[in-house]
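Enquirer: Dropping the sequence and predicted coords here.
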Amino acid sequence: MKKIFCACFIVINFTCFSQNISFNKVIAPYGNISSASFAATGIVKHGSNYILALTGYDTTNITTDIQSLYFAKVDSNGENFEIIKKYNQPDTNYYDGYGAFIRTHNGGFCYVGDIDSNYNLKVQHFIMLFDSSMNNVITKIIPHDNILEAINQVRETHDHGFIIVGQRYVTDYVDDVLIIRTDSLGNQLWRQSISTGEYGNGGQIEETPDNGLLICGYRGSYTTGQGDPFLIKTDSAGNLVWIKFLGNSSEHDGGAAFAITQQGDYIVALGYASYTYTNNTDWLGRLNVIKYLPDGTEISNRMYDTIRWDNNVNKIQILPNNDFILMGSSVAGLDTNFYATFMFKFNANGDSLWRRIYYNTKNYVDQNILCDNLLDSDGGITNCGWLKSNILSPYQQVWILKTDSNGYAPGCEPTGIEEIQYSNQEAIKVYPNPATMQTTIAYLQLKEEGDIHIYNMLGQIVYEEKIAKGTSQTKISIQHFKAGLYKVIIREKGIIKGEVSLIKE
């Protein structure tokens, strides 16, 4: 359960591009006290300033090793850092998730998190509401039984209540996705659990235009070590409508995030572990961007970028002109082996525009992780996260970075638009589709032996067949399939050559 992280002297880079302010700074709230490790996991705008949600260690009594909750203010230049709120209790740790701090409709703020005492794993959820001056007006414990749970993100609903997502322990090998719905005062209205089959953790949640819920998370397997992101659609009461398991079902894919477009469609992006070699290739792959209609019908499915290790997407920002920006992290080269954050901009059609890589330090195994951001009025993006490095004291510190409207910031590496881009839909076709009795799967002629796997919406294999070298199409009977949506994947010697959705009527 112990999540933290961060810390506190200041390293400053400051640049202006086209009258846009940009900066790249790390901040240690308690100076160079080695035990004062901090991380920033949420950022909101407050007038001309930013407010950061932080978790860090209470240095007033460092022998207790207790993690506290902080809120800090910083100005639009990334300067004048000031802690404005601190919450701690004796022998109690505060935990938080990405997106757990938001601005509300009335100009106030909401924060959700978890606390436990003495690491006894009897976690309690809490919700805090603040007015527009960051005065705490409501703090409540969200009730639940003695089953271990954790919450990760909160969003405000159309009626000014709140939806919260996380995970709930079932067995030593199974966790369910947890959904909690409260009223505008933080009183729990209902809670719901959704099974993903094995270890499932809900990381992101949004209310959809039809008042349903869209949830993104990650499902891992304790038995195989593999993992896949997922996307869940529910109705307004949290009942499952559909679920999609993303990525390569035989590899360990990276994390995912989604956004709802102004037209109501869903964009989801993830690190797709699509390349198999003789050695361990978990997490090794490209960036995958998929677009869905609200009913779950796939509109597009495209791969981008060069092969990278541990590609994770943290957030997608939809811009006013319907362009969108992905933010995530990956390992920057096997020779340097440090984590850097990336931003990748697309137009509304999904064509890549630019990619930037951001870091503050570039030493072996350093972690430069940005996990939350907001769009500024000048077109730039301000981000927060943490920097972890053995050359720093303390070793983990708050990291804030602001780009100009073109994505530039001090310390970034612009890589232009020379990304390798292709559509894995072009390599495979299914017809008729929808189908009732039989369908034909057409694909590029195989140079080696391959196979077909068909998965249902729960990620279960419902059909598999070996296909011979030189084959370019296969007819299969689907009359025994239940009506619904399926994913068809073609592999050649273990390498995915294409995938496409199939609808059984």
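Expert: Arrived safely. Numbering: from 1, shown residues only.
Enquirer: Phe130 contacts Asn106, correct?
Expert: No. If you go by Cβ atoms under 8 Å, Phe130 and Asn106 don't touch, sitting 10.6 Å apart. In this view, the C-beta of every residue, glycine as well, is placed from N, C-alpha and C.
Enquirer: Quick one, grab the pLDDT at Glu413.
Expert: Looking at Glu413, its pLDDT reads 80.
Enquirer: go on, the one 5 residues further on?
Expert: Reading off the per-residue confidence, Glu418 sits at a pLDDT of 38.
Enquirer: again with Ala409
Expert: pLDDT recorded at Ala409 is 91.
Enquirer: how's the chain carved up into domains?
Expert: The chain is divided into the following domains under automatic domain parsing: 8-423, 428-504.
Enquirer: among these, which is the most enclosed?
Expert: Among the domains of the chain, domain 8-423 has the highest mean neighbour count (mean count of other Cβ atoms under 10 Å), at a mean of 19.
Enquirer: Scan the chain for its longest strand.
Expert: strand 298-318 (DSSP state E).
Enquirer: Low-confidence regions, the stretch 251-400 of the chain specifically.
Expert: Residues of the stretch 251-400 of the chain meeting the criterion pLDDT under 70: 274-283, 333-336.
Enquirer: Would you map the strands across it?
Expert: For the stretch 251-400 of the chain, the strands defined by DSSP state E, counting those that start in this stretch occupy 256-260, 266-272, 284-292, 298-318, 324-331, 339-346, 352-358, 367-375, 381-388, 396-402.
Enquirer: List just the one of those strands that sits closest to Asp58.
Expert: strand 396-402 (15.0 Å; Cβ to Cβ).
Enquirer: does Tyr50 really touch Ser76, like I thought?
Expert: Yes. With contact defined as Cβ under 8 Å, Tyr50 counts as touching Ser76 (7.4 Å).
Enquirer: Ser501 versus Ile205, what's the distance?
Expert: For Ile205, the distance to Ser501 equals 24 Å [Cβ to Cβ, to the nearest Å].
Enquirer: Kindly apply the preceding question to Gly484 instead.
Expert: Gly484 sits 11 Å away from Ser501 when distances are taken as Cβ to Cβ.
Enquirer: How about Glu251?
Expert: Using Cβ to Cβ, one gets 20 Å for the distance from Glu251 to Ser501.
Enquirer: try Asn20
Expert: Distance from Asn20 to Ser501, counting by Cβ to Cβ: 41 Å.
Enquirer: what does Asp404 give?
Expert: Plainly put, Asp404 is 39 Å away from Ser501 if you go by Cβ to Cβ.
Enquirer: Ok, Asn88 next?
Expert: 50 Å.
Enquirer: quick revisit: and the strands of the stretch 251-400 of the chain: which comes nearest Tyr173?
Expert: Shortest distance between Tyr173 and those, using Cβ to Cβ, is found for strand 256-260: 22.2 Å.
Enquirer: can you list the residues that contact the closest one?
Expert: Strand 256-260 is contacted from outside by 203-204, 206, 208-209, 214, 216, 218, 229-231, 246-247, 266-271, 313-318, 324, 326-328, using Cβ atoms under 8 Å, 6 or more residues apart in numbering.
Enquirer: Recalculate using a threshold of 7 Å.
Expert: 204, 206, 208, 214, 216, 229, 231, 246, 266-270, 313-316, 318, 324 (Cβ atoms under 7 Å, 6 or more residues apart in numbering).
Enquirer: Same question for stretch 75-82.
Expert: By Cβ under 7 Å, 6+ apart, the surrounding residues in contact with stretch 75-82 are 21, 23, 25, 27, 48-49, 72-74, 400, 402.
Enquirer: Show me how far that stretch is from its chain's centre.
Expert: In terms of Cα atoms, centre = their mean, to the nearest Å, the centre of stretch 75-82 is found 27 Å from the chain centre.
Enquirer: Do me a favour and average the pLDDT over it.
Expert: Stretch 75-82 shows an average pLDDT of 93 in the prediction.
Enquirer: Quote the end-to-end distance of it.
Expert: The first and last residues of stretch 75-82 sit 9 Å apart, counting by Cα to Cα, to the nearest Å.
Enquirer: ok, Ser352 to Asp305 distance?
Expert: Remark: distance between Ser352 and Asp305 (Cβ to Cβ) = 8 Å.
Enquirer: Run through who's touching the helix or strand where Tyr50 lies.
Expert: Taking DSSP states H and E as the criterion, Tyr50 maps to strand 49-57. Outside strand 49-57, the residues that touch it by Cβ under 7 Å, 6+ apart are 4-6, 29, 35-44, 65-76, 94, 96, 100-101, 111, 134, 382, 384, 398.
Enquirer: my read: Asn288 touches Tyr272, true?
Expert: Yes. The pair Asn288 and Tyr272 passes the contact test of Cβ atoms under 7 Å, sitting 3.7 Å apart.
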